[in-house]
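> Please find the sequence and the predicted model below.
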Amino acid sequence: FASKSRRGLASQVLAPAMAPMVLAWPALLAMLAFRCRSATAAVGDVTPEGPAQQSRGQAGAGQLRGARATTTTFDEGCALTGFWKVDENVVMRIWKIEEDIGAYQRLGRGRCADEAGRPFSCWFGMATDFHTCKAVCDSSKACVGVERSDVGDCAVCYDASGGPEEPHPAALSSDVGGGSAGVASRAAVEEGRTCFRRPVGEASAAETPSSTGAWRVQFFARSGDSVMGGSQLDAPLEVSPSMPPQRDLCEAEPPEAEGPFAQGMSAWWGPQQMNLWAGLPRSMPSELAWVSLPDQASWDDSVALGGGRCPVARDVDGLPGQLQIIQHAVWGLRDCRSKTFARLAPESAALDATGWGVVVGYNWYFGMEIFARRLLASRRKTIVDEACFRARVDTIWAGSSSLPFGDMQGQLIKPPCVK
C-alpha cells in the first residue's frame, strides 16, 4: 500500500453501525463538555503570498494570510470540521452541510452512472430545493438517485427498465437521456454536477429535513479514489455531547477529550475494518480563531447543498479519540488504541511554494486535487475538460515528491484542460 498507485478504500463507508451509545460519564462532565464558546472568527481571503505567523495549532490548519478578525458565536461542534488523518492509508472528513440529505450517499462530482460509467436517464428541472427532488425520487422504486448542479437545479434519475414516461408535474420538465439500468455505482466525469445515490431497496419513507443542517463523515484513501469508480462515499454522522461509554470500543483508557463527540464512524480498507470516535482537545483555548474558506466552491461539491455551515477552527490541530481495527483476514484479530487524529489542511494551505510543500508532505491524492482546484480558481482559470484535468492531477501526483511548485503550476494551467 505504500506505492503511489491509485488504490482506494476497498469497501464503502458504512452508515454508523456501532451499538447505541449510553451515558457512562457523570452528568457534570457531559454538561461541561458541551458548553458554548465565544469564538473569534477570522473571516478573510486565503491568499498566495505565503505563510502567516503561526501560533499554537495554526500549523495544522494551513498557512493563511489576510484574515480579518471579528467576534461571533458558532456551534461548538464546528470545531470538529476538517480533514483528519486516520492512519497511513485513510483520511476522514467531518463537516456539516446546509441541507440534510439523510441516507442518500454523495457519489461525487459528475452524472449518476453505473459501474461502467454509463449515465442514467434523468428528468431535469429547475427545483432549487434538494428535498423536492428527493421526495420525487423516494416515491418510485425505479429511482436510482438525484443529481444537483452547481447552479442549484436538480435532476431525478431512473433505471431504464422502470422509469416514468412523463416527468413529475411538480418539479421536473425534460429528459436528459442516458439509458443505464441497475444501481448507481459511481459519478461519471462531468463538471458542474454532483450525484447523490438513493438508498438501494424499496421506496424510502418520507423524511423530515433538519432545519439546522446535518453532520456527515467521508473517508478517503490516501493514495487515490475508492473502489466505487472514482468516488468517496460519505454517510450521516452522529455528533453528541457525551463521550462513548468506556470500553465500548477499547479496553484502553480514553484520551483527555471533551464534547461534542463524533461517534459511530466506520469504514473499510481491504479486509480491515476501522471503527472510531473523536472529540475535541481539553487543552484548546476558550476563544477559538475561525477561518472562512472563500474558495471552497472550487473543490467542494457539497456547495450543491448550500456548502458547509462551519468555518475552520485553526486552533484545533488534532482530535483526540480511539481507533479500533479488526483484521477480518486474520480471524477477526482486533487492535484498539487511543490516538490523536491530526489535521490535514489542503483547503487552507497558502497557494505558493510553501503551501505546495505542505500539501506534498500529506502524501494524499485528494489533498493535491483540492490544492490544484484552488490554484486554478485563484488564477481565474476554468476547468473545461474534467477527464483531462483528472489525468493531469494523476501525473502531478505521480511525480509530486520531486516536482517544484513552478513546474506543477505550469503543468496545471496548460490547455486543453483549462482556459
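Looks like it came in fine. None of the values given here were measured: they were computed from a predicted structure. Residues are numbered from 1 along each chain as shown.

> how about the helices in the stretch 301-419 of the chain?
353-362, 365-378, 386-399, 405-413 (DSSP state H, counting those that start in this stretch).

> repeat for the stretch 51-200 of the chain
130-138.

> low-scoring stretches of it, by residue?
Within the stretch 51-200 of the chain, the stretches with pLDDT under 70 are 51-74, 126-128, 170-177, 189-191.

> thinking again about what came up before, Thr132 is nearest to which of the helices of the stretch 301-419 of the chain?
helix 386-399 (26.8 Å; C-beta to C-beta). Yep, even glycine has a C-beta here, placed from its N, CA and C like the rest.

> For the nearest residue to Pro281 once chain neighbours are set aside, give me the pLDDT.
Nearest residue to Pro281 in three dimensions, chain neighbours excluded: Pro320, at 5.6 Å (C-beta to C-beta, 6 or more residues apart in numbering). Note for Pro320: predicted pLDDT of 97.

> Please report the number of neighbouring residues for Pro320.
Pro320: 21 surrounding residues under other C-beta atoms under 10 Å.

> show me the contacts for it.
Pro255, Glu256, Ala257, Ala278, Gly279, Leu280, Pro281, Ser338, Lys339, Thr340, Phe341 (C-beta atoms under 8 Å, 6 or more residues apart in numbering).

> Tell me the one of those residues nearest Asn363?
Among the contacts of Pro320, and counting by C-beta to C-beta, the member closest to Asn363 is Phe341, at 16.0 Å.

> Can you tell me the closest non-neighbouring residue to the closest one?
In space, Phe341 is closest to Trp84, 4.0 Å off (C-beta to C-beta, 6+ apart).

> again with Gly308
Trp95 (5.0 Å).

> pretty sure that neighbour contacts Arg216?
Yes - if you go by C-beta atoms under 8 Å, Trp95 and Arg216 touch, sitting 6.1 Å apart.

> For these two, list the residues in contact with both.
In contact with both Trp95 and Arg216: Ser302, using C-beta under 8 Å, 6+ apart.

> burial measure for Ala391, as a count.
Using other C-beta under 10 Å: Ala391 sits among 12 other residues.

> How much space separates it from Gly192?
19 Å (C-beta to C-beta, to the nearest Å).

> swap in Gly224?
Taking C-beta to C-beta, one finds Gly224 at 23 Å from Gly192.

> Just say helix, strand or coil for Ala267.
strand (DSSP: H, G, I helix; E, B strand; the rest coil).

> So in terms of bridging, what pairs with it?
Counting by DSSP bridges, Ala267 forms beta bridges with Met274.

> hang on, the earlier thing: run a quick check on the residue nearest to Phe341 versus Arg343, I expect a contact.
Yes - checked against C-beta under 8 Å, the pair Trp84 and Arg343 is within contact range at 6.1 Å.

> which residues do those two both contact?
Gly318, Leu319.

> Give me the neighbour count for Pro236.
Applying other C-beta under 10 Å, I find that Pro236 has 17 neighbouring residues.
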